[in-house]
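Novice: predicted coordinates and the sequence they were generated for:
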Amino acid sequence: MTDGQNERRQAGVEGNWVCVATLGAPHGVKGDMRLKSFTEVPAAIFKFSDLRFGADGAAVTLVKKSKTKDGFIVHIDGIDTPEDASNMKTKQIYVCRDNFRDAAQDEFYLADLIGLRAHDLSGTEIGVVTSFDNFGSEDLLELVLHESVKGLGRHIFVPFRKSLVPTIDLDAGIAVIDFAEWQATQTSERDTNDADISIQDIEN
């Protein structure tokens with residue numbers, strides 16, 4: 001089993017620190033760099049007053065120079081040449097979780113969901129939340145189960161609906177999943193028809 005810490009680190013969450021941006025390639029001859037923001041509103045990255053290189057690392061101040069298709073061009077004090085900028089490529093920028101505004105009722109930050117232990121309705125721990133995705137139709141919790149489910153494996157996606165995820169207890173670090181109901185939704189119409197045919201064949 002896992003306590004969710006590995007999943008949190010992989011998602012850019014370390015302790016009370018959250019990765020909100022990453023630096024990219026140098027731009028121009030004055031040490032400017034490309035930056036990709038992970039905040040819901042990309043430009044919100046410039047509103048944080050205490051950005052750090054890494055979790056609780058050295059402070060960094062971003063000066064926005066321009067916007068690009070995939071992010072921004074920024075300048076950082078002390079980075080004045082393309083060579084300096086090249087050495088900073090892929091550096092991640094973090095902010096303390098305390099800087100986030102309080103979420104509304106039944107709203108959650110991704111940083112709070114990653115690493116939650118998933119329990120079924122009986123209280124049995126079944127896995128851990130590893131990601132939060134949306135492939136176009138609805139929000140999904142990605143779980144890695146402690147035990148594989150026949151035909152479904154260990155990596156599953158549970159629609160983030162109240163009926164299937166009735167409780168998120170951040171203080172306890174638990175997401176309650178109606179696992180039986182979720183499994184029932186995975187039974188396709190074809191599987192149901194096949195089962196009916198098999199029963200009729202046996203009865204005949």
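Specialist: Nice, thanks for sending it over. Since the model is a prediction, treat every value here as computed from it, not as a measurement. Numbers count the residues shown, from 1 in each chain.
Novice: give me the most central residue, this protein.
Specialist: In the chain, the centroid-proximal residue (C-alpha atoms, centre = their mean) is S131; its distance is 4.3 Å.
Novice: partners of whichever strand or helix holds that residue in the sheet?
Specialist: Element membership for S131 (DSSP states H and E) is strand 125-134. Sheet pairing of strand 125-134 (DSSP bridges) gives strand 117-119 (antiparallel), strand 139-149 (antiparallel).
Novice: any residues touching it, and which ones?
Specialist: 1-2, 4, 7, 10-11, 110, 113-120, 139-147, 154-157, 160, 175, 177, 179 (C-beta atoms under 8 Å, 6 or more residues apart in numbering). For the C-beta atoms, the positions are set from N, CA and C on the backbone; glycine is no exception.
Novice: pull out the buried positions in that strand.
Specialist: For strand 125-134, the neighbour count (16 or more other C-beta atoms under 10 Å) marks 126-132 as buried.
Novice: can you show me the CA trace of it as PDB?
Specialist: What follows is strand 125-134, C-alpha atoms only, in PDB (Å, rounded to 0.1, in the frame of the first residue of the first chain):
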ATOM      1  CA  GLU A 125      -9.200   1.100   1.900                       C
ATOM      2  CA  ILE A 126      -9.200   0.100  -1.800                       C
ATOM      3  CA  GLY A 127      -6.600   2.400  -3.300                       C
ATOM      4  CA  VAL A 128      -5.200   5.900  -3.700                       C
ATOM      5  CA  VAL A 129      -6.200   9.000  -5.800                       C
ATOM      6  CA  THR A 130      -3.400   9.600  -8.300                       C
ATOM      7  CA  SER A 131      -4.900  12.300 -10.700                       C
ATOM      8  CA  PHE A 132      -7.900  14.300 -11.600                       C
ATOM      9  CA  ASP A 133      -8.800  14.400 -15.300                       C
ATOM     10  CA  ASN A 134     -11.400  15.500 -17.800                       C
END
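Novice: now do it: distance to the chain's middle.
Specialist: Relative to its chain's centre, strand 125-134 lies at 9 Å (C-alpha atoms, centre = their mean, to the nearest Å).
Novice: how about the strands paired with strand 125-134 in CSV, adding mean pLDDT?
Specialist: Converted to CSV, those look like this (pLDDT from 0 to 100):
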stretch, mean pLDDT
strand 117-119, 95
strand 139-149, 91
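Novice: which of those strands sits closest to V29?
Specialist: Checking the strands paired with strand 125-134 against V29 by C-beta to C-beta gives strand 139-149 as the closest, at 42.8 Å.
Novice: helices of this structure, residue ranges please.
Specialist: 5-10, 82-88, 110-113, 179-185, 189-203 (DSSP state H).
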